[in-house]
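S.K.: Pasted the sequence and its predicted model underneath.
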Amino acid sequence: MQTETLSTGPAPALSVRGTGGGEVTIAGLTAGGCALVVFVSEECPTSAMALRRLGPLCQAWAGAGLTAVAVFEDPLEVAVRVSRRLGWAGQVVAEDPPVETSRAYRLVSVPTTVLIDQAGQIAGRVTGWDQPALATLIEQAAALLGTGLAGPPADEPLRKPGCSSKAAIDPGLVAAMSSAASADEIEEMFERGWTDGLPVIPPTAERVEAMLGGADGSVSLGLVPPAMGEATLERVAACAVLAGCRPAYFPVVTAAVAAALDPAFNLHGQAVTTQPAGQLIVVNGPVREAIGLNSGMGALGPGFRANLTIGRALRLLVSLTGGAMPGTLDRATLGHMGKIGFCIAEDEEVSPWEPLHVERGFGPGQSVVTLIGSDAPLSISDHRSRTPEDLAYILAWAAASTWSTNWWPLAEPSVFVICPEHAAMFRSAGWTKQRLRQYMFESVHKPAAQLRRGETTPFVHAADPAAQVPKWASPESIVLLVAGGEAGRYSAVLGPCTGMGFQIVSREVGLVGR
């Protein structure tokens, strides 16, 4: 690796290709005054930031005699696409492997910005993103030209290190990297182990940068159990890209990650248990409509990108950063499909009750993500009940065998997803959520003697044989949501993740990573 920098003397010749077809030379770039040569790479987030911040200044600079050119260590078609996306208004050129121009300028990292005067001499050089140093470099150019020039914006971060230049890598490896770029990216993701068994979107630097939306990727949300990899925003964004999320979903993903990493949620226990538990994401508030989350027909099933990819992004983070891959640290005997992605929006407009986030202390206008450790859904069909009492009884007894037939009482939450037709009956009868929860709790009980077979609890063994044991330890163990299609009286119950003392955790969307 070359660590020496070329900061003075004649500017080396350029071995690059431009969009115009003609030769690009130092003499041509400095014919009108000075040249600002910015070496960048498509894979480097700091390069993207430099292009985004300097790009809007290029036209004004050109009018004053300072020609700005971005030299990409990438194919020309990539250079054109990336510069257009990032708003770079200067010239664009590219160098082919083994990046001879970068080597001639003795680059160690990108971005590197070089000021060349009209005599073809290097007048200054800045490595990485360093706003104060770049401002000084532009002042130097202004002095050479005898005119005023606008400097780079003083936005945070003022300084950010760059990425390794391909000039600092063995030429043979650069050539191999270039040929690998044309390989099958989808298959490469499988070979790297970056999937959950389904195809994923390769997390290129460009895609991760777009997902971050300007956020600082180095910000950490915490350590991801069980392997305790660090959930930087950049890693979370990479998992969101892999999952197929749109950037608009990212605030919901980060809120879900923050909730999952709260110690009260006990993600570690859920990630390594032999239980099938997955992490159910419930989304409430205005963000549901803003990003197109489904709370209607098929709410627990396929067909809606936002639901499936948000849930998948969290699970990929647990698997790839937390190391909870099936058969390794994830010891689930069977698992369930919700461990691929488990995200639902509550239909607050159809619900006769306060939504989950309001019940948990948030305002109706807040967008909130709630995390619950849950088993797979069990469908509950009831097309015959004509009274709220009958329907509540059916719903409650459908959950009697969740977790285990004789494991009573359950302290952990059972989540009931009530369909609109069932919810309408409770609305017509004026039942509050609290009344329904209490009725369901009181409906399901058995004598301890009937529960003393197979797997049961110490509570049952200690009870008088005739004592009535409820299915749940308290009414608060029953969580009620409203979602689903408006035709068909099918609700569902999601059994609990039990034995590890996890708590339900909620986080407001948009506050994470600020």
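M.R.: Cool, got the structure.
S.K.: can you map out the helices along the stretch 151-300 of the chain?
M.R.: Along the stretch 151-300 of the chain, the segments classed as helices by DSSP state H, counting those that start in this stretch run 171-180, 185-192, 205-212, 233-243, 250-260, 267-272, 287-291.
S.K.: Pop out the phi and psi values for S381.
M.R.: phi -90, psi 130 (degrees, to the nearest 10).
S.K.: Quick check: nearest residue in space to it, chain neighbours excluded?
M.R.: Distance criterion Cβ to Cβ, 6 or more residues apart in numbering; nearest residue to S381, sequence neighbours excluded, is Y490 at 5.5 Å. C-beta coordinates here come from the backbone N, C-alpha and C atoms, glycine included.
S.K.: Counting neighbours, what do you get for the one you found?
M.R.: 16 (other Cβ atoms under 10 Å).
S.K.: out of the helices of the stretch 151-300 of the chain, nearest to E421?
M.R.: helix 287-291 (20.8 Å; Cβ to Cβ).
S.K.: Report how many residues lie close to V358.
M.R.: There are 17 residues near V358, going by other Cβ under 10 Å.
S.K.: let me fix that: F502
M.R.: F502, neighbours per other Cβ under 10 Å, totals 25.
S.K.: How about the secondary structure of it?
M.R.: coil (DSSP: H, G, I helix; E, B strand; the rest coil).
S.K.: Let me see the ranges of the strands in the stretch 301-450 of the chain.
M.R.: Per DSSP state E, counting those that start in this stretch, the stretch 301-450 of the chain carries strands over the ranges 343-345, 368-381, 414-418, 445-447.
S.K.: so which of these gets nearest L137?
M.R.: Here strand 368-381 is closest among the strands of the stretch 301-450 of the chain (Cβ to Cβ), at 44.1 Å.
S.K.: Provide the strand pairings for that closest one, with the direction of each partner.
M.R.: strand 278-284 (antiparallel), strand 490-496 (antiparallel), strand 505-508 (antiparallel) (DSSP bridges).
S.K.: any idea of the mean pLDDT in the second one?
M.R.: Just to be clear, that refers to strand 490-496. Per-residue pLDDT values over strand 490-496 give a mean of 97.
S.K.: same check, this time on stretch 321-335
M.R.: pLDDT averaged over stretch 321-335 gives 92.
S.K.: Enumerate every residue touching F72.
M.R.: Contacts here follow Cβ atoms under 8 Å, 6 or more residues apart in numbering; on that basis F72 touches V40, S41, E42, V78, A79, V82, S83, V92, V93, A94, E95.
S.K.: L54 is in contact with the first one, correct?
M.R.: It stands for V40. No - using Cβ atoms under 8 Å, V40 is not in contact with L54, being 10.1 Å away.
S.K.: since we're on D196, how many residues are nearby?
M.R.: 19.
S.K.: contacting residues for it?
M.R.: D196 touches R312, R315, L316, S319, I340, counting by Cβ under 8 Å, 6+ apart.
S.K.: Low-confidence ranges, this structure, go.
M.R.: 1-7, 170-183, 511-514 (pLDDT under 70).
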